[in-house]
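take this sequence and fold it.
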Amino acid sequence: MNRIYEAATMSLVHAESTLPGDVTAAWDIKNLLTNAKTWIQTVGGLLLMLLGVAGLIWGGVLLVKKLMGNQQSGGQHGWGQILLLILVGGALGTGGWTLISTVGSGGQTTIEQLGNGGTIIVQPWGDATNTGGIPGLPGSPAR
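Residues are numbered from 1 along each chain as shown. Modelled structure (predicted):
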């Protein structure tokens, strides 16, 4: 065999090629799921950014409407709701998937700390043999 034919055969046997965005085209389930995750993160992030921009614009419209209207017509939306719509819309519009992922990873860290005993939520009254002096419970000192 010549070298060109061997190189082409080896490329087809391994069936991997590099695509833009660190996506590989290999014929196995791991790469299929990895590529699907990357695609969903990209599309979902763009959707979040689109919703953030829409929220930012709508918050601005409501703000101007509230400022220009009288008290009776502008009473449907409160100042807090308009402020939150502008803040959350701006955060999602600029952050998108990165913002949601960062918030989620902070939650993951908290859950892992709770699971490993890194955070004490409630301190028990006593040890396993002492119920802390509650009358009527086994292990409590008599009063």
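
those strands in this protein, which residues are they?
18-19, 23-24 (DSSP state E).

longest helix anywhere in this protein?
The residue-count maximum for a helix in the chain (DSSP state H) belongs to helix 29-68.

buried ones in that one, by neighbour count?
35, 45, 48, 49, 52, 53, 55, 56, 59, 62, 63, 66 (16 or more other Cβ atoms under 10 Å). For the C-beta atoms, the positions are set from N, CA and C on the backbone; glycine is no exception.

now, which of those residues sits nearest residue 100?
The nearest member of the buried residues of helix 29-68 to residue 100, counting by Cβ to Cβ, is residue 48 at 6.4 Å.

mind checking how far the closest one is from residue 29?
28 Å (Cβ to Cβ, to the nearest Å).

try residue 43
21 Å.

quick one on the thing from earlier: could the buried residues of helix 29-68 go into CSV alongside distance to residue 93 and pLDDT?
As requested, these are exported to CSV (distance: Cβ to Cβ, whole Å; pLDDT from 0 to 100):
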residue, distance to residue 93, pLDDT
35, 27, 88
45, 11, 89
48, 9, 90
49, 6, 91
52, 3, 91
53, 4, 92
55, 8, 92
56, 5, 92
59, 11, 92
62, 16, 89
63, 16, 89
66, 21, 86
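
any low-confidence regions in this structure?
Along the chain, the parts satisfying pLDDT under 70 run over 1-26, 70-75, 117-143.

how about the contacts made by the closest residue to residue 48 other than its chain neighbours?
Spatial nearest neighbour of residue 48, excluding adjacent residues (Cβ to Cβ, 6 or more residues apart in numbering): residue 96 at 4.7 Å. Applying Cβ atoms under 8 Å, 6 or more residues apart in numbering, we find residue 96 in contact with 45, 46, 48, 49, 52.
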